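Visitor: Sequence plus predicted model, see below.
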Amino acid sequence: MAIKKTAGKKKPPRAGKGRVAAKKGPDLKVSGLRARYHRLELHAGLLREIAAMAGEQVELGPFLDRIIVRVAKATAAESATLFLLDETGRTLEFAVVKGPLAAELKGKRMSAGEGIAGKVVKSGKAHISNQVSADKFWSPRVARETGYQTVNILAAPLKSKGRALGVIELINKKDGRPFTRDDASLLDALAAETAIVIENALLMNDLRLRAGQFVKLSRLSAILNSTLNPKLVRKRAMEAAVELLECETGSLYLIDPEKNELYFEVALGEKGDAVKEIRLKMGEGIAGWVAKEGQSDLVRDTSTDPRWASRVDRKSKFQTRNMVTVPMRARGRAIGVLQAINKLHDKSFDTEDLRLLESLADQVAIALENARLYEEQKVMFKETAEALATAIEKRDPYTGGHTKRVRDYCMATAKYMDLTPEDREWLELAAILHDAGKIGVDDQVLRKPGRLTDDEFNQMKQHPVFGFDILQHVKPLSPAIPGMKHHHERFDGKGYPEGLVNGAIPLIARIIAVSDTWDAMTSDRPYRKGLSHDIANAELKKCTGTQFDGVVVEAFLKAYQNGEIKSQAQEGASKQPQAT
């Protein structure tokens, strides 16, 4: 059956404008969908990239830089900034900046309560402002300072586990359009993922930092405890504080219990020596407060602290900006205060610095206490040796004061020789003990007013061996005993008790030999008058290389020329009452 055409049926439209117009709506819709899909794909890729890094160890700086570039591109923003909140929660730092003002703003800081970024930190919610001039939260300060025209802003918080870390802020869309809710949702999602990476990176950095600090603290502790010299311990304590806390200088106050004062024992840095002698009353200044209260203290700005003793700066011409101060305790009692001054790189000390200095102070206190006990032990040995020498001299009325003079001559000679502080200490003890063995010599020989016979002299020659036999059992004295035992050896090997030659004779024994002989020559005896200084000095020179070490003789004569050698006759003259 044929189908009839119905009248009035519309003819297909001719090609032309009407046909194009009919297809315009669908084409734009497809194009918009494609653009939106492309944008979502870009966003999704960025989210996947950030999420993938959340479980990895990343270098925070490069990561944040890369993320901000991608965020700015994804949102078509003209400028983008990532602010990080400092640990005090009071300051936002321009950590990453992209756009026209990148070089000018990067690294700068602003109050955590300032502007739209501050509002986002406080509220923890994203903020859109498409007309910033009418936004009550907007701070125009940066715009005024830089001349940059801000039209609209989108900001989202960086927060992890409820803790604010910072803000991501986008400024001015490149096409001039306003930021949308979609942009805000995207930025919120990106910020949340980014915050996780930042949190993980900060935790890893903190772990690395703490591990490094532990290694450094262990090394510094080993250095502190490698010496028992109190002055060296104090010096090293300051060097350790400066290195550990990365500060300009430091100080160590010790407590003077008799005067109830703190005295400035050591200071390092450019102005260290200038403030060395300053004393503080207990409770005076920040150091005095810490010593009195027994509590650590962190001062970020000394100019605002009423306790700060500014006279210290006035005297030293040194400007103190900030400091951290901690007490030092040993055996349950306060012994002093350790202080680090002026954090470097325009930073302020923080609670981590306080914790570190407290740990160091514990090590310093132990080292100082060990050094104090060692010093007490040395004093005890010295006083015991002096008492023994005095007891021996009581048996020999003709050599009164001999031991003291020999000790003084030896120490004067040592000033002109290359001896370590430890060598000088053992030299002093050996000089005090050099005649200790005379306690084993028969009184008839020791107290004989005339010259000794050969047999008597042979008995007297045994006193170095007697001294060795007596004192060799006192192990802490072992470094001093060779000087005592061999002070009658001769450079040519004709001495006693062992006939040692040249360098085989211990150096401290060679020094005692010169000092002992010069005193014997210049002192009066019942059977002769003491020689003049000139004759005694000439005798030393004559016997150089045979009886004496030439280096020691030269040092002795330098000390003599500088007035540091006083004979028995000179000592006696100085004790005579002066005519009036």
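Guide: Received the coordinates, thanks.

Visitor: pretty sure A340 is in a strand, no?
Guide: Yes: under DSSP: H, G, I helix; E, B strand; the rest coil, A340 falls within a strand.

Visitor: check contacts around it.
Guide: Contacts for A340 (Cβ atoms under 8 Å, 6 or more residues apart in numbering) come out as 241-242, 245, 247, 250, 323-325, 349, 353, 357. Where C-beta positions appear, they are placed from N, C-alpha and C, glycine not excepted.

Visitor: For the residues you listed, work out which two are farthest apart.
Guide: Across the contacts of A340, no pair lies farther apart than V242 and T325, at 14.4 Å, counting by Cβ to Cβ.

Visitor: what about those two, which has more around it?
Guide: Taking other Cβ atoms under 10 Å, V242 and T325 do not tie; T325 has more neighbours (27 against 19).

Visitor: Show residues contacting the helix or strand that contains that one.
Guide: Using DSSP states H and E, T325 falls within strand 323-330. With Cβ under 8 Å, 6+ apart as the test, strand 323-330 has contacts from 245, 286-287, 290-291, 294-299, 302, 334-342, 349, 353-354, 357-358, 361-362, 364-366, 368-369.

Visitor: buried subset of these?
Guide: By the neighbour-count criterion of 16 or more other Cβ atoms under 10 Å, the contacts of strand 323-330 include these buried positions: 245, 286-287, 290-291, 296-299, 302, 334-342, 349, 353-354, 357, 361-362, 364-366, 368-369.

Visitor: Looking at the residues you listed, which are in strands?
Guide: Per DSSP state E, strands hold the following members of the buried ones among the contacts of strand 323-330: 297-299, 334-342.

Visitor: Quickly find the element holding the residue lying closest to G483 once chain neighbours are set aside.
Guide: Closest residue to G483 apart from its sequence neighbours, by Cβ to Cβ, 6 or more residues apart in numbering: A430 at 3.0 Å. Counting by DSSP H and E, the secondary-structure element that holds A430 is helix 421-433.

Visitor: swap in E169?
Guide: E169 is part of strand 163-173 when elements are defined by DSSP H and E.

Visitor: Pairing partners for that strand, with directions?
Guide: The pairing partners recorded for strand 163-173 under DSSP bridges are strand 77-85 (antiparallel), strand 153-160 (antiparallel).

Visitor: Beyond that strand, next helix or strand please.
Guide: Remark: after strand 163-173, the chain's next helix or strand is helix 181-224, criterion DSSP H and E.

Visitor: Just list what that next one packs against, helices and strands only.
Guide: Here helix 181-224 touches helix 17-53, helix 60-75, strand 127-129, strand 153-160, strand 163-173, helix 230-245, helix 351-395, going by 3 or more Cβ pairs under 8 Å, 6 or more residues apart in numbering; DSSP states H and E.

Visitor: make it 10 Å
Guide: The contact analysis (3 or more Cβ pairs under 10 Å, 6 or more residues apart in numbering; DSSP states H and E) places helix 181-224 against helix 17-53, helix 60-75, strand 77-85, strand 127-129, strand 153-160, strand 163-173, helix 230-245, helix 351-395.

Visitor: Give me the mean pLDDT for it.
Guide: Mean pLDDT, computed over helix 181-224, is 82.

Visitor: Any idea how many residues pack against the nearest residue to G294 once chain neighbours are set aside?
Guide: Nearest non-adjacent residue to G294, counting by Cβ to Cβ, 6+ apart: P327, 5.3 Å away. Other residues near P327 come to 23 when the count uses other Cβ under 10 Å.

Visitor: S111: which of the helices and strands packed on helix 181-224 is closest?
Guide: With Cβ to Cβ as the criterion, S111 lies closest to strand 77-85 of the helices and strands packed on helix 181-224, at 11.1 Å.

Visitor: Toward the C-terminus from the closest one, list the very next helix or strand.
Guide: Elements were assigned by DSSP H and E; along the chain past strand 77-85, the next helix or strand is strand 91-98.

Visitor: tell me the angle of that following strand relative to helix 60-75?
Guide: Put simply, strand 91-98 runs at 60 degrees to helix 60-75, going by axes from the mean of the first three to the mean of the last three Cα atoms, to 10 degrees.

Visitor: partners of strand 91-98, with directions?
Guide: By DSSP bridges, strand 91-98 pairs with strand 77-85 (antiparallel), strand 109-111 (antiparallel).

Visitor: Just the buried residues of the last one, please?
Guide: Right, strand 109-111. Buried, per 16+ other Cβ under 10 Å, within strand 109-111: M110.

Visitor: on that earlier part again, with just CA atoms, put the helix holding A430 into PDB.
Guide: Output of helix 421-433 as PDB, limited to C-alpha atoms (Å, rounded to 0.1, in the frame of the first residue of the first chain):
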ATOM      1  CA  PRO A 421     100.900  21.700  81.600                       C
ATOM      2  CA  GLU A 422     100.900  18.100  82.700                       C
ATOM      3  CA  ASP A 423     104.700  17.900  82.400                       C
ATOM      4  CA  ARG A 424     105.000  20.900  84.600                       C
ATOM      5  CA  GLU A 425     102.700  19.400  87.300                       C
ATOM      6  CA  TRP A 426     104.800  16.200  87.400                       C
ATOM      7  CA  LEU A 427     108.000  18.200  87.400                       C
ATOM      8  CA  GLU A 428     106.800  20.200  90.500                       C
ATOM      9  CA  LEU A 429     105.900  17.000  92.400                       C
ATOM     10  CA  ALA A 430     109.200  15.300  91.400                       C
ATOM     11  CA  ALA A 431     111.100  18.400  92.600                       C
ATOM     12  CA  ILE A 432     109.400  18.400  95.900                       C
ATOM     13  CA  LEU A 433     110.100  14.700  96.300                       C
END
